Structure formats: structure tokens, C-alpha cells
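# one predicted model, sequence on top.
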Amino acid sequence: MEKEMLICGKQSIRFRKAPYIISAASVVGSKEFAGPLGKRFDFHAEDDLFGGKTWEEAESNMQRKACILALQKVNMNESQIRYLYGGDLLRQGIATSMGTESLQIPTFGLYGACSTSGEALALSSMAVAAGYGEAMLAVTSSHFGSAEKEFRFPLGYASQRPLSAHWTVTGSGAFIVAKDASISHVRISGVTIGKIVDYGLKDSQNMGACMAPAAMDTILMNLKDFERQAEDYDRIITGDLGAVGQKLLLDMIYKKGVDLQEKHLDCGMLIFDAKEQDTHAGGSGCGCAAVTLASYILPKIEKGEWKRILFVPTGALMSTVSFNEGASVPGIAHGIVLEHCN
């Protein structure tokens, strides 16, 4: 029997029988709904507690809602999902474990910081392509209130943020990856798994700078492994580099001989209006890339406006302890090749 996956270069996999994203759902908060993509999201809440009593409970409620919406869109129930791959920014992944507990789907808890949506999609597609199940569920989330409380200061502290800082997206994105091609025009044709890249930066309030080297590394490796040029993609879209990280990425990768000026987009810059909404460098968080993919990117691929894109969620790998102890903030980025198919 011919192998379903082909090892491609150092870090990539090309799927012989590509899995499909058959459903995607996005759940966001009030600030995200007020942004440029507001009308594209599936569900928004005026109350950012989402019916909960704490920010953490709100994030769990978002994840549960996103999973249920993704299932409902294709008339599936939890029993039809083989495995769930999920993650968030909170300690020990409590948003995922408490949010998806009621679904009773066998679960892998993930952590890739803001790159977690890419990690979840990569593992889901690999599992489907390898024949470990007909359908997988990938879900991630972040919440401004819970992230500020966990990594910076409680909201009541009213601390001032530097202009390089990001605004954590309150949102959750869920995706069903499956073998069934009858209801989807979007396939995951390959993945490039990122490695940890550390340039020694220690400013946790400038995550764009910390993540840009990892984004560059993964993009360059994807082009090398698949023997492609940047021109072979309609767009190359990073997760949440923001305005600062985007400039660094474009400058650094240009010096490597790759011009992304006309190809690059960033989810953190798409989701908010930086001037009108005062989000400084842009959006961030696990939910940033996930809800932008579900609401904005996938519909363009589904319609054939974009034939092939490279989706590169980015993550700053810090903890509440590491940066307080003066450790650097490494980055990681995973590349997901998404293609339109008839």
C-alpha cells in the first residue's frame, strides 16, 4: 500500500491524499466584532464573560461554543470525531480541558503559544492522512482578560502598554479536518513543522520581534522543502507578528533573497483597526490566527479567490516565570499549505 504521506525535505510533509477542512467556526468578543472582520465571525458576545463568572470560564465557554458550531455546520455530532487537538494560553491548558470536557472526545492538549492553531491543524491533518480516523477537531482560544491576568497585570491595575505591545484577541476558532471531500473546496496539501528559534530577545512586550525570526525560518524552510518560490503562493499569512514584527520579517527575509512585500498578510493586523481601536502593534493570542483563518482566509480559498496560501501561525514561547527571571523569549511558527480544490 502506498504511503499516504511523503516526507519532504527537513521539516515538511506532503500529503498524497490531502485531508480537507470541512467546517470552521469563529467565536469572538465585542472588540473583535467591532473590528474590520466583525460581520464575518459566526458568533460574538457583547458580554466578554460569555455567561461565565471569570475570564478563564469565559474562555472555556468560547471554546465549547466554537466546537459545537463547527459540528453543527456539517450536521455532525461529537461521536463522529476521532480525536480533538486543542490548546490555549492558560496554565495547564485549562481553557481547553474545561471547555471541551462535556464533548467527551479523546483529547490531545497542545501548547505552542499563539502558534497553537497551526500545531493543531498540522497534527489533525497528519492523523487523518495516516488513517487514524475519518475526522479530527482542532480548536484554540485566547481571551484578553485571562491573558492579561496570567502574563501581565489584572485589568484593574490599568497599566500602560508600550506601542510595541499586542492586544490579545478574545476569540476561539474550531476546525474539522476530514477525509470527506464532498463538502469542501479547501484541502491541506502539506505542512512544515517549525523549530524553536531564539535570537536572545527578552522584551515580552514586543512579541512581534521575538516571533519574526521563527516566521522567517519556517517560511524559508517551506519554500526549500517544497522547492517553491514565494510566487507559488497567492498569500503568505502569519499569525500575529503585528506591525513591528511584519516590518522585521519583511526586512530579514528580503536579505535572504525572498521578497514578500506584495504577498504577506498578518492576522494580527487584519483583525483590528489599529488607529480606531488603539491596539498598538496589533492582535495576538491563540485565537487571533484561528478566528481570522475561519472567518476571512478560508472563505477566500473556498471561493477560489486564492488558489494556494501558506498559513503560518506564530508563537512566543514564554511563561509567567521565564521572562520575570530574565530569560529570552524564543519563537516558533508552523506552516500549513492550504489549497483550493474543485
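Okay, I see it.

# and the closest residue to Thr116 other than its chain neighbours, bridged to which residues?
Leaving out its chain neighbours, the residue that sits closest to Thr116 by Cβ to Cβ, 6 or more residues apart in numbering is Gly87, at 4.0 Å. Yep, even glycine has a C-beta here, placed from its N, CA and C like the rest. Residues in a beta bridge with Gly87, per DSSP bridges, are Leu110, Thr140.

# and the helices in the stretch 51-200 of the chain?
55-73, 94-100, 116-129, 144-151 (DSSP state H, counting those that start in this stretch).

# closest one to Met216 among the ones you listed?
helix 116-129 (15.2 Å; Cβ to Cβ).

# just the CA atoms of that closest one, as PDB, please.
C-alpha atoms of helix 116-129 as PDB (Å, rounded to 0.1, in the frame of the first residue of the first chain):
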ATOM      1  CA  THR A 116      -1.300  26.600  18.500                       C
ATOM      2  CA  SER A 117      -3.800  26.700  15.700                       C
ATOM      3  CA  GLY A 118      -1.100  25.700  13.300                       C
ATOM      4  CA  GLU A 119       0.100  22.900  15.600                       C
ATOM      5  CA  ALA A 120      -3.500  21.600  16.000                       C
ATOM      6  CA  LEU A 121      -4.200  21.700  12.200                       C
ATOM      7  CA  ALA A 122      -0.900  20.100  11.400                       C
ATOM      8  CA  LEU A 123      -1.500  17.200  13.800                       C
ATOM      9  CA  SER A 124      -5.100  16.800  12.800                       C
ATOM     10  CA  SER A 125      -4.200  16.600   9.100                       C
ATOM     11  CA  MET A 126      -1.300  14.200   9.700                       C
ATOM     12  CA  ALA A 127      -3.600  11.900  11.700                       C
ATOM     13  CA  VAL A 128      -6.300  11.900   9.100                       C
ATOM     14  CA  ALA A 129      -3.800  11.400   6.200                       C
END
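
# tell me the mean pLDDT for that helix?
Averaged across helix 116-129, the pLDDT comes to 97.

# show me the contacts for the spatially closest residue to Cys114 that is not a sequence neighbour.
Residue nearest to Cys114 in three dimensions, not counting chain neighbours: Gly315, with 4.5 Å by Cβ to Cβ, 6+ apart. Gly315 makes contact with 112-116, 211, 214, 239, 331-333, according to Cβ atoms under 8 Å, 6 or more residues apart in numbering.

# now with 10 Å?
Gly315 is in contact with 89, 111-119, 194, 196, 207, 210-211, 214-215, 239-240, 284, 286, 289, 330-334, counting by Cβ atoms under 10 Å, 6 or more residues apart in numbering.

# ok, now Val321?
Ala327.

# what's the neighbour count on Asp325?
Not quite, residue 325 is Glu, not Asp. Under the neighbour criterion other Cβ atoms under 10 Å, Glu325 is assigned a count of 7.

# any idea of the mean pLDDT for the host helix or strand of the residue nearest to Cys114?
Per DSSP states H and E, Gly315 falls inside strand 314-316. Mean pLDDT, computed over strand 314-316, is 91.

# repeat for stretch 135-150
Rounded mean pLDDT across stretch 135-150 is 87.

# CA atoms only: put it into PDB for me.
The C-alpha trace of stretch 135-150 is given here as PDB (Å, rounded to 0.1, in the frame of the first residue of the first chain):
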ATOM      1  CA  ALA A 135     -12.400  13.300  11.200                       C
ATOM      2  CA  MET A 136     -10.400  15.300  13.700                       C
ATOM      3  CA  LEU A 137     -11.400  18.500  15.600                       C
ATOM      4  CA  ALA A 138      -8.800  21.300  16.000                       C
ATOM      5  CA  VAL A 139      -9.600  24.200  18.400                       C
ATOM      6  CA  THR A 140      -7.700  27.000  20.000                       C
ATOM      7  CA  SER A 141      -8.700  30.100  22.000                       C
ATOM      8  CA  SER A 142      -7.400  33.200  23.800                       C
ATOM      9  CA  HIS A 143      -9.000  35.900  25.900                       C
ATOM     10  CA  PHE A 144      -7.800  39.400  26.600                       C
ATOM     11  CA  GLY A 145      -8.900  39.300  30.200                       C
ATOM     12  CA  SER A 146      -7.400  35.900  31.100                       C
ATOM     13  CA  ALA A 147      -4.100  36.600  29.200                       C
ATOM     14  CA  GLU A 148      -3.500  40.000  30.900                       C
ATOM     15  CA  LYS A 149      -4.200  38.400  34.200                       C
ATOM     16  CA  GLU A 150      -1.900  35.500  33.500                       C
END
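
# and the lowest-mean-pLDDT helix or strand in the chain, what does it pack onto?
Ranked by mean pLDDT, DSSP states H and E, the weakest helix or strand in the chain is helix 144-151, scoring a mean of 75. Contact here means 3 or more Cβ pairs under 10 Å, 6 or more residues apart in numbering; DSSP states H and E; on that basis helix 144-151 packs against helix 55-73, strand 167-168, strand 283-284, helix 286-292.

# which stretch in those has the least confidence?
Across the helices and strands packed on helix 144-151, the lowest-scoring stretch is strand 167-168, with a mean of 82.
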